[in-house]
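*Asks:* Mind looking at a prediction? Sequence and model below.
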Amino acid sequence: MRRKQQARFGSFRRLQPITHSFGFDGGLCIDRYYIESFLSQHAEDIRGHVLEIGDDAYTCSLGGERVAKSDVLHAKEGNSKATIVADLTRADHLPSNTFDCIICTQTLQYIYDVQAAVRTLYRILKPDGVVLATFPNIAHISRYDMEHWGEYWRFTSMGAERLFSTAFSPSNVKVQAYGNVLTAMAFLHGLPADRLTKEELDYRDRDYEVLVAVRGVRGLGG
């Protein structure tokens with residue numbers, strides 16, 4: 001019986017990733033490349049009173065003079081950059097109708113009750129305010145986050161659209177997905193974005209969603 005020829009995976013033929021660092025130790029991570037592409041596309045939304053989760057990096061780099069006030073939210077004490085400490089699932093102390101824009105990147109996968117978190121994001125937005133959110137679909141587990149507060153979810157574009165449509169009007173929710181089989185493999189191995197060409201990074205295959213992004217607008221009547 002003729003033996004089948006093994007596939008040639010090159011550097012990818014291994015049981016352990018090339019690096020566990022997501023790409024941080026070699027440059028810009030592939031998921032961060034997609035996050036920055038999405039946020040840059042919607043940079044005009046980053047204006048007025050802006051809330052960002054974790055730090056204010058994107059508020060500062062993309063908002064510029066359009067930002068009148070900046071706040072940073074963190075779930076627990078100890079983040080020196082945080083101006084607000086709150087759990088998005090139990091945040092009744094946060095005032096409603098406060099923010100013109102909320103930047104919520106790579107956060108909701110760490111929150112078990114994501115529907116409650118999305119309801120909070122909706123409530124604290126001003127009418128006509130915008131949330132810009134991103135989540136992983138194809139990604140390895142962040143062991144640090146898993147052990148400190150849990151990592152619960154991966155989101156498809158369909159799941160993200162339905163999740164946000166429970167709080168926002170479906171017509172005010174727009175979803176984009178980024179990635180392809182090559183960028184998925186490279187990201188899982190922790191390779192940085194500069195190891196691939198722009199054409200390879202920007203090619204989108206709807207069956208290989210590395211990153212999913214949502215733009216949600218709170219209606220004027222809501």
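*Replies:* Structure's in. What do you need?

*Asks:* Just give the nearest non-adjacent residue to Thr166, would you?
*Replies:* Gln115 (6.1 Å; C-beta to C-beta, 6 or more residues apart in numbering). To be clear about C-beta, it is placed using only N, CA and C from the backbone, and glycine gets the same treatment.

*Asks:* Doesn't Tyr144 belong to a strand?
*Replies:* No - looking at Tyr144 with DSSP: H, G, I helix; E, B strand; the rest coil, it is helix, so not inside a strand.

*Asks:* Would you check that Pro17 makes contact with Ala186?
*Replies:* No - counting by C-beta atoms under 8 Å, Ala186 is not a contact partner of Pro17; they are 10.4 Å apart.

*Asks:* Neighbour count for the two, which is higher?
*Replies:* Neighbour count, other C-beta atoms under 10 Å: between Pro17 and Ala186, Ala186 has more, with 23 against 15.

*Asks:* Just the element for the more buried one, please.
*Replies:* helix 181-188 (DSSP states H and E).

*Asks:* Contacts made by that helix with the rest, please.
*Replies:* 12, 17, 22-23, 29-31, 138-140, 179, 195-196, 200-201, 203, 205, 208, 210 (C-beta atoms under 8 Å, 6 or more residues apart in numbering).

*Asks:* cool, stretch 86-93 as well?
*Replies:* Residues contacting stretch 86-93 (C-beta under 8 Å, 6+ apart): Leu73, Ala75, Leu94, Ile111, Tyr112, Asp113, Ala116, Ala117, Thr120, Leu121, Ile124.

*Asks:* So for that stretch, what gets flagged as buried?
*Replies:* Buried residues in stretch 86-93, counted by 16 or more other C-beta atoms under 10 Å: Ala86, Leu88, Thr89, Ala91.

*Asks:* for stretch 171-186, same thing?
*Replies:* So for stretch 171-186, counting by 16+ other C-beta under 10 Å, buried means Asn172, Val173, Val175, Gln176, Ala177, Tyr178, Gly179, Asn180, Thr183, Ala184, Ala186.

*Asks:* can you check stretch 98-107 too?
*Replies:* Under 16+ other C-beta under 10 Å, the buried positions of stretch 98-107 are Thr98, Phe99, Asp100, Cys101, Ile102, Ile103, Cys104, Thr105, Gln106, Thr107.

*Asks:* With stretch 104-121 instead?
*Replies:* Here stretch 104-121 shows 104-111, 114, 117-121 as buried, counting by 16+ other C-beta under 10 Å.

*Asks:* For it, measure first residue to last.
*Replies:* 9 Å (C-alpha to C-alpha, to the nearest Å).

*Asks:* Which SSE is immediately downstream of the lowest-mean-pLDDT helix or strand in the chain?
*Replies:* When the helices and strands of the chain are scored by mean pLDDT, DSSP states H and E, helix 143-148 comes last with a mean of 91. Proceeding C-terminally, helix 143-148 gives way to helix 157-165 as the next helix or strand, assigned by DSSP H and E.

*Asks:* Go ahead and build a ChimeraX selection from the buried members of the contacts of helix 181-188.
*Replies:* Restricted to buried positions by 16+ other C-beta under 10 Å, the ChimeraX selection for the contacts of helix 181-188 reads:
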select :22,23,29,30,31,138,139,179,196,201,203,208,210
